[in-house]
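Asker: Fold the following for me, if possible:
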Amino acid sequence: MDATHQFIRCCDLEVHLTCWGDPASPAIVMWHGLTRTGRDFDELASRLSQQYYVICPDTIGRGLSQWSSNPEQEYVIPFYVKLAKALLHQLDISRCIWIGTSMGGLIGMVLAAEENTPIRALLINDVGPELPREAIQRIRDYIGIQPVFNTIQELEAWLKTVYVTFGVNNDEFWRRMAMTSHRRLADGRITLHYDPAIAQGFTLPDSQETIPDLWQEWQSIQCPVFVVQGKESDLLTHQQLDKMSQLKPSMQQASLVNVGHAPTLVTLDQQQMILQWLQELK
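Answerer: Presented below is the predicted three-dimensional model:
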């Protein structure tokens, strides 16, 4: 099924949505990672659209959504949660399944922990309540990089190198990634789609400071939870996954071999894993 596109105002900012399926069907919200877009879910969303209405937002500052004029206050998880609630209200969605990759998983975790949450089931893709300091530093290092390319093919080759931790994906996937991950500069050359200022909302505490965590929110979540881990991930470690499972024994989990941060949820085996989980929810 082909996608449709919407632009709606949430919290006084324009948000772009890629939507799949019949709006009358049960809703699934898919929220992407820190430097990515809602288009990352094209393949999975298309497949799920036979049974669900799938909404894939571009977070503000990414893709086709508006950039913030107040990055330190609005490029942060609490504001993204506020944005998500406004988005669901605008779409008149009172209940949904949430599938979130990395940052999208953190947003889903916070929202699912709230009383009267609209989330009835939560899939968290390769992130946990606590972000390891080394992983935060790695992310900080690459957020600020805004490479410039002359052609889409150059960008595609760069993406294959930078996102090698995504695991094995076909050429069609990488071409689509390049097409949905760029913007033109004034001189006609190409750079990455996102606002470089998103780094202002992603700070690394001093070595003496405690990194904030979401363990309290994690323990407050009542809905069914499925956690997907890239087995080679530096963001969701095996130790943290074990702790999550101990605190929430009902949690389902899958650890994917030969994948780091983060599984794309694009390959047929990953899609089938999600379809099976959704079927078990019914």
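Asker: the bottom helix or strand of the protein by mean pLDDT?
Answerer: Ranked by mean pLDDT, DSSP states H and E, the weakest helix or strand in the chain is helix 133-143, scoring a mean of 81.
Asker: how about Thr151, what does it touch?
Answerer: Ile190 (CB atoms under 8 Å, 6 or more residues apart in numbering). No exception for glycine: its C-beta is placed from N, CA and C like everyone else's.
Asker: please renumber so the chain begins at 2
Answerer: From this message on, residue numbering opens at 2, which makes the last subject Thr152.
Asker: Local confidence estimate at it?
Answerer: The score at Thr152 is 97. That number is its pLDDT.
Asker: And it, how close does it get to Pro119?
Answerer: 43 Å (CB to CB, to the nearest Å).
Asker: same thing with Asp59?
Answerer: Distance of Asp59 to Pro119, given as CB to CB: 20 Å.
Asker: Neighbour count for the two, which is higher?
Answerer: Set Asp59 next to Pro119 and count neighbours by other CB atoms under 10 Å: Asp59 wins out with 26 against 18.
Asker: correct me, but the more buried one touches Gly39?
Answerer: Yes: Asp59 is within contact range of Gly39, at 4.9 Å (criterion: CB atoms under 8 Å).
Asker: Quick one: residues contacting Gly101.
Answerer: Here Gly101 is in contact with 31-32, 107-110, 123-126, 128 (CB under 8 Å, 6+ apart).
Asker: Please repeat the previous calculation with a cut-off of 10 Å.
Answerer: By CB atoms under 10 Å, 6 or more residues apart in numbering, Gly101 lies in contact with 30-34, 85, 107-110, 112-113, 120, 123-128.
Asker: Filter those down to the ones in strands?
Answerer: Those of the contacts of Gly101 mapping onto strands are 30-32, 120, 123-126, per DSSP state E.
Asker: Now compare these and name the two farthest from each other.
Answerer: Farthest pair in the ones in strands among the contacts of Gly101 (CB to CB) is Ile120 and Asn126. Separation: 14.7 Å.
Asker: Alpha carbons only: can I get the least confident helix or strand of the chain in CSV?
Answerer: Taking C-alpha atoms only, helix 134-144 is exported to CSV below (Å, rounded to 0.1, in the frame of the first residue of the first chain):
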residue,chain,number,x,y,z
ARG,A,134,28.6,7.2,28.8
GLU,A,135,30.8,5.8,26.0
ALA,A,136,27.8,5.5,23.7
ILE,A,137,26.7,9.0,24.5
GLN,A,138,30.1,10.3,23.6
ARG,A,139,30.1,8.4,20.3
ILE,A,140,26.7,9.9,19.4
ARG,A,141,27.8,13.4,20.4
ASP,A,142,30.8,13.0,18.1
TYR,A,143,28.8,12.2,15.0
ILE,A,144,25.8,14.5,15.6
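Asker: what does it contact?
Answerer: Contacts of helix 134-144 (CB under 10 Å, 6+ apart): 34-36, 103-104, 128, 132-133, 163, 193, 195, 197-206, 208, 210, 212, 234-238, 262.
Asker: which of the residues you listed are buried?
Answerer: Buried positions within the contacts of helix 134-144, assessed by neighbour count (16 or more other CB atoms under 10 Å), are 34-36, 103-104, 128, 132-133, 193, 195, 198-203, 234, 236-237, 262.
Asker: Taking the centroid of this protein, which residue is nearest it?
Answerer: The chain has His33 as the residue nearest its centroid, 2.1 Å off, counting by CA atoms, centre = their mean.
Asker: ok, it to Leu248 distance?
Answerer: Using CB to CB, His33 is found at 26 Å from Leu248.
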